[in-house]
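Trainee: Let's see this in three dimensions:
(one chain, ligands or ions: 2)
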Amino acid sequence: MIRTAILGASGYVGGELLRLLARHPDLRPTRLFGDSKAGQRLGAVHPQLSGAMAEVAVERFSDDALDGIDLVFAALPHGESQKIAGAILERGLKLVDLGADFRLRDPADYARWYGEPHAAPALIERFAYGIPELHRDAIRSAQAVAAAGCYPTATILAVKPLVDAGLIDPDSLIVDAASGVSGAGRAVKEGTAFNTVDGSFAAYGLLNHRHTAEMEQELGATVLFTPHLAPMTRGILATCYAAAAKPMDPDAPLAALRQAYAGEPFVRVSDDPPSTKWVSGSNGAVVTARYDARTGRVVMLGAIDNLGKGAAGQMIQCANLMFGLDETAGLAAEGVYP
Ligand SMILES: NC(=O)C1=CN([C@@H]2O[C@H](COP(=O)(O)OP(=O)(O)OC[C@H]3O[C@@H](n4cnc5c(N)ncnc54)[C@H](OP(=O)(O)O)[C@@H]3O)[C@@H](O)[C@H]2O)C=CC1
Ligand SMILES: CC(=O)N[C@@H](CCC(=O)OP(=O)(O)O)C(=O)O
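Mentor: Numbers count the residues shown, from 1 in each chain. Ligands and ions are numbered 1, 2, ... in the order given. Prediction:
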């Protein structure tokens, strides 16, 4: 049994981690930490949880509360985990962090995109970048993993095999991606209120969304990224366009995806354009791609659940690798449909 602490247990990702861990054979949620909800019963914070777990209290974090813990999942606002990661690693614990604090290799990129200097730049090199399909060996041997962002996960899974196969010009990449509203977290904000998002579809973060840096780093590309808020609770659909590097067989993009993801338990290559519902509630990702000879462009699509493969599912998949467990333990690829 792997004793697991969750920082940010009272948030949306924390709730999804707890829902998934309820069926995990080896990872046991043991200490649960929050901020404003510290002191409350978990059953009050996350009414979807049941049984003994609902009676556990959310605590305020203190370093000595990690005594006896083997693994820490951190799902905190950006900037928080860099204050405590050093102490966690010093104790020899494994850490999977979902904030953006340790995803960018260059602390200058963090300062540029997140607007403040990195507080623990020396720790960055100790983190593997958390997309298992692309960094499996590094994750297996890492003490710490920076799980990828939600938009970057959908985008990178769809695009990276075509970059690697030399099929597209990486400096011509345009990414339009839409997210469900749970991607913005649990706090009440006017921009994510029902009356704002219901029946509406809007772009935001023009030219400066922080996930641009993560996509560029992992793809070795120049990216024009426009995120959109869609009137749905869960899901991300990334639609990505690039100039073809050369004329190609119409099936070449799909063949590159099929080769890259052969045998992958969570990434499915589809002939048809995917819907977010295909992967809702799961750790699945569905990708597809087409070459358009008329325009000389390639279109690539990736669908994930932002809370699943974009967050809690990916964190668990990384932890399974770090502890030498079955990579699929506690996770499913099939979505809840309709
Ligand atoms: N939602 C998503 O789909 C995705 C989220 N992420 C990232 O994961 C992280 C968590 O996201 P999400 O769960 O949606 O966010 P929420 O806002 O729903 O939850 C945030 C959690 O962090 C706690 N918290 C807030 N401030 C502090 C603090 N100063 N110290 C300690 N704990 C604090 C909150 O506690 P309390 O509620 O008790 O105040 C809550 O448990 C964020 O970095 C987010 O960007 C990444 C990928 C996808
Ligand atoms: C819909 C929405 O607001 N989404 C969030 C991104 C999701 C997220 O949590 O970002 P990280 O993965 O980097 O932590 C946003 O655009 O800021």
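
Trainee: quick one: residue 227 is in a strand?
Mentor: Yes. Read with DSSP: H, G, I helix; E, B strand; the rest coil, residue 227 is one of the residues of a strand.

Trainee: Strands of the stretch 1-150 of the chain, start to end?
Mentor: 2-7, 27-34, 59-60, 71-74, 94-97, 127-130, 144-147 (DSSP state E, counting those that start in this stretch).

Trainee: Can you list the strands that the third one pairs with?
Mentor: Spelled out, that is strand 59-60. Strand pairing for strand 59-60, determined by DSSP bridges: strand 27-34 (parallel).

Trainee: The partner strand to strand 2-7, inter-axis angle?
Mentor: 20 degrees (axes from the mean of the first three to the mean of the last three C-alpha atoms, to 10 degrees).

Trainee: Do me a favour and average the pLDDT over strand 27-34.
Mentor: For strand 27-34, mean pLDDT rounds to 97.

Trainee: which parts of the stretch 1-150 of the chain sit against ligand 1?
Mentor: Residues of the stretch 1-150 of the chain found near ligand 1 (C-beta under 6 Å from any ligand atom) are 8-14, 34-37, 75-78, 80, 98-99, 149-150. The C-beta positions use only the backbone N, C-alpha and C, and glycine is treated the same way.

Trainee: Give me the buried subset of those residues.
Mentor: 8-14, 34, 37, 75-76, 78, 80, 98-99, 149-150 (16 or more other C-beta atoms under 10 Å).

Trainee: Could you pull up the residues touching residue 102?
Mentor: Residue 102 is in contact with 81-82, 85, 123-124, 127, 144, 146, counting by C-beta atoms under 8 Å, 6 or more residues apart in numbering.

Trainee: Columns distance to ligand 2, pLDDT and neighbour count on top of those, output as a markdown table?
Mentor: As requested, the contacts of residue 102 are exported to a markdown table (distance: C-beta to the nearest ligand atom, whole Å; pLDDT from 0 to 100; neighbours: other C-beta atoms under 10 Å):
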| residue | distance to ligand 2 | pLDDT | neighbour count |
| --- | --- | --- | --- |
| 81 | 11 | 97 | 27 |
| 82 | 13 | 97 | 22 |
| 85 | 15 | 98 | 25 |
| 123 | 18 | 98 | 19 |
| 124 | 16 | 98 | 20 |
| 127 | 14 | 98 | 24 |
| 144 | 16 | 98 | 25 |
| 146 | 10 | 98 | 28 |
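
Trainee: shaky segments in the chain?
Mentor: Within the chain, no stretch has pLDDT under 70.

Trainee: Let me see the domain layout of it.
Mentor: 2-148+309-322, 151-306 (automatic domain parsing).

Trainee: To which secondary structure element type does the residue of the chain positioned farthest from its centre belong?
Mentor: Distance from the centre of the chain peaks at residue 294, with 34.5 Å (C-alpha atoms, centre = their mean). Secondary structure for residue 294, judged by three-state DSSP, is coil.
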